[in-house]
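Participant: Structural data only, the sequence is not supplied:
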């Protein structure tokens, strides 16, 4: 999965412009400007909660075309001191997308790094929208006596095919405890990269002020079943058909992410459904303000875009928001006190 997505010559992100109606998928910032604007105000609020540090690092993981960040910064301008304090860092592996981000966000002179570990020390506000789902997963299958890993091999005709490795009792240690006793044939997905990232953020926020907002599609609590999928031009295709030409992603196990944060001694909030999160931030109020300035056609587009983000039948429930904060901070905007999962 990592090779198919990120090989520097033949990987999907090295050769494709994936976003938008002419690409392979569309993300929330492309659906409605309200999404990024509300996140900008969320960040401004967190900046005030952590003592208004100047400077403060603002980082985005997988910034796409820079749309979310452009909307975020426009909203941040309503809090001038926050806007002046920002130092923007973008974590992006695709040279194609880096070029567009550099162009769209030229006014703020973003700096690019290859990973979270390369971000400078200091107060940090981090945003990641639909980033975790693209991190490489492993699939484990319950055999007759132990677990085995699903691997990619060749069939009799020399074509790529899924095969199962040998059963090993040690593999059960990689399976969430609640799922280890499931019957033969069960498939469980794990994402070591996601839990490693969560742990790194937890360790950072345990000793340095800041917060992270992670939004993605996924499930909570942990559950079995394969979710890995491939998309090309917004349509599902075979997972092993022409690797490097389709987007690969899998649903996020938010319980595993939260567990890694808590193990590092930091507070985690949620996850909460995206629709509820955006509504709590004032999505309807922002829609009304924007609609008052435009004609009927544009108003209809604004309304349909927001509905898509918050409707439970579309992105409102499958997509979830999870926040990570330094210990001792009150509940971030959009999260209730009862939704804290640790870090005190």
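Facilitator: Perfect, I can see it now. Worth saying up front: this structure is predicted, and the values here are computed from it rather than measured.
Participant: Return the set of buried residues in the host helix or strand of residue 96.
Facilitator: Element membership for residue 96 (DSSP states H and E) is helix 95-104. Within helix 95-104, the residues that count as buried by 16 or more other CB atoms under 10 Å are 97, 98, 100, 101, 104. C-betas here are computed from N, CA, C, even on glycine.
Participant: What lies in contact with that helix?
Facilitator: For helix 95-104, contacts defined as CB atoms under 8 Å, 6 or more residues apart in numbering pick out 13-17, 63-67, 69-70, 90, 92, 110, 112.
Participant: what's the pLDDT at the residue nearest to residue 130 when sequence neighbours are not counted?
Facilitator: Counting by CB to CB, 6 or more residues apart in numbering, residue 130 lies nearest to residue 27, which is 5.1 Å off, once chain neighbours are set aside. pLDDT for residue 27: 80.
Participant: Settle this for me: residue 27 is touching residue 64, isn't it.
Facilitator: Yes: counting by CB atoms under 8 Å, residue 64 is a contact partner of residue 27 at 6.0 Å.
Participant: Name the residue in those two with the higher neighbour count.
Facilitator: Shown here are residue 27 and residue 64; by other CB atoms under 10 Å, residue 64 has more neighbours (23 against 20).
Participant: Specify the beta-bridge partners of residue 124.
Facilitator: Under DSSP bridges, the beta-bridge partners of residue 124 are residue 57, residue 210.
Participant: Can you check the pLDDT for it?
Facilitator: Predicted confidence (pLDDT) for residue 124: 98.
Participant: Around it, how many other residues sit close by?
Facilitator: 25.
Participant: so how far is residue 262 from it?
Facilitator: Distance of residue 124 to residue 262, given as CB to CB, to the nearest Å: 19 Å.
Participant: And residue 103, by the same measure?
Facilitator: 40 Å.
Participant: likewise residue 190?
Facilitator: 17 Å.
Participant: Please say which of the two ends up with more neighbours.
Facilitator: A direct count of neighbours by other CB under 10 Å for residue 190 and residue 262 places residue 190 higher, at 21 against 18.
Participant: Looks like that one contacts residue 135 (just checking).
Facilitator: No: contact between residue 190 and residue 135 fails when scored by CB under 8 Å: they sit 10.9 Å apart.
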